[in-house]
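In: make a model of this:
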Amino acid sequence: MNNIAWAAGTWTTPPVRHETKDDGLYVTARENSDAWRTTSYGFIHDSEHALLAPFEQGSAVEVTFRLNFAAQFDQAGVFIRTDEATWIKAGIEWSDGQESLGAVVTRGVSDWSLSPTPGWDGRLVTVRASRSGDAVTIRARVDEEPWRLVRVAPLDPDAAVSAGPFCCAPTRSGLTVHFTSWRTTPPDASLHPES
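Out: Numbering: from 1, shown residues only. Alright, predicted model coming up:
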């Protein structure tokens, strides 16, 4: 594992504030910040706070943050970007009164998937994206529990891609996310665990 310095990233949209401390990066999101393209809602939002660095083929990126959400659509995790219309966000989102693990995959238009994660609140969540061949495999876990498969999505093997931590606060002001680490690792060896 290699830690990525917070200063190595570039913001897609600067947050209200960000501060590096001994225990990580604290990011305060702007109210109405979000990432979405068209599907079902009819709007395009590209105001997410994503801190991105190059994401090379044959590598993985991991982001860890403390889960502490309370308002509709509070969200944080990993953001993977090729261009303004081709990106993925994966992590935890507060939706309809509970935290859920999910992903939005956008190729011109967005899709969305969620699965509830009861008992994760207040704990450390890690989201890992592994880039290999023509795909990115996204997994997540809480604390040191086993990894859960979140999504396998297409990703152009020749594209210049960037990735890193992100957060959004679509419905409120005052969301501050505490990111504890950002690092690169080898990609997952296979899609399915060995039995």
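In: list the contacts for Arg131?
Out: Applying C-beta atoms under 8 Å, 6 or more residues apart in numbering to Arg131 gives the contacts Phe55, Glu56, Gln57, Gly58, Ser59, Ala60, Leu155, Val161, Pro187. The C-beta positions use only the backbone N, C-alpha and C, and glycine is treated the same way.
In: close enough to count as contact, the fifth one and Arg183?
Out: No. Look at Ser59 against Arg183 with C-beta atoms under 8 Å: they stay out of range, at 10.6 Å.
In: ok, now how distant is the most centrally placed residue in the chain from Phe166?
Out: Centroid check for the chain by C-alpha atoms, centre = their mean gives Val78 as the closest residue, at 2.0 Å. Distance from Val78 to Phe166, counting by C-beta to C-beta, to the nearest Å: 7 Å.
In: cool, and Thr106?
Out: From Thr106 over to Phe166 (counting by C-beta to C-beta), the distance is 13 Å.
In: phi, psi of the nearest residue to Arg37 once chain neighbours are set aside?
Out: Leaving aside its sequence neighbours, Arg37 sits nearest to Ser110 (C-beta to C-beta, 6 or more residues apart in numbering; 4.7 Å). With angles defined as degrees, to the nearest 10, Ser110 sits at phi -90, psi 150.
In: check contacts around Ser110.
Out: Trp36, Arg37, Thr38, Thr39, Val104.
In: follow-up on the earlier one: dump the contacts of Arg131 to JSON lines, plus neighbour count and distance to His18.
Out: Formatted as JSON lines, the contacts of Arg131 follow (neighbours: other C-beta atoms under 10 Å; distance: C-beta to C-beta, whole Å):
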{"residue": "Phe55", "neighbour count": "23", "distance to His18": "20"}
{"residue": "Glu56", "neighbour count": "14", "distance to His18": "25"}
{"residue": "Gln57", "neighbour count": "14", "distance to His18": "29"}
{"residue": "Gly58", "neighbour count": "11", "distance to His18": "30"}
{"residue": "Ser59", "neighbour count": "17", "distance to His18": "25"}
{"residue": "Ala60", "neighbour count": "23", "distance to His18": "24"}
{"residue": "Leu155", "neighbour count": "23", "distance to His18": "27"}
{"residue": "Val161", "neighbour count": "24", "distance to His18": "23"}
{"residue": "Pro187", "neighbour count": "20", "distance to His18": "28"}
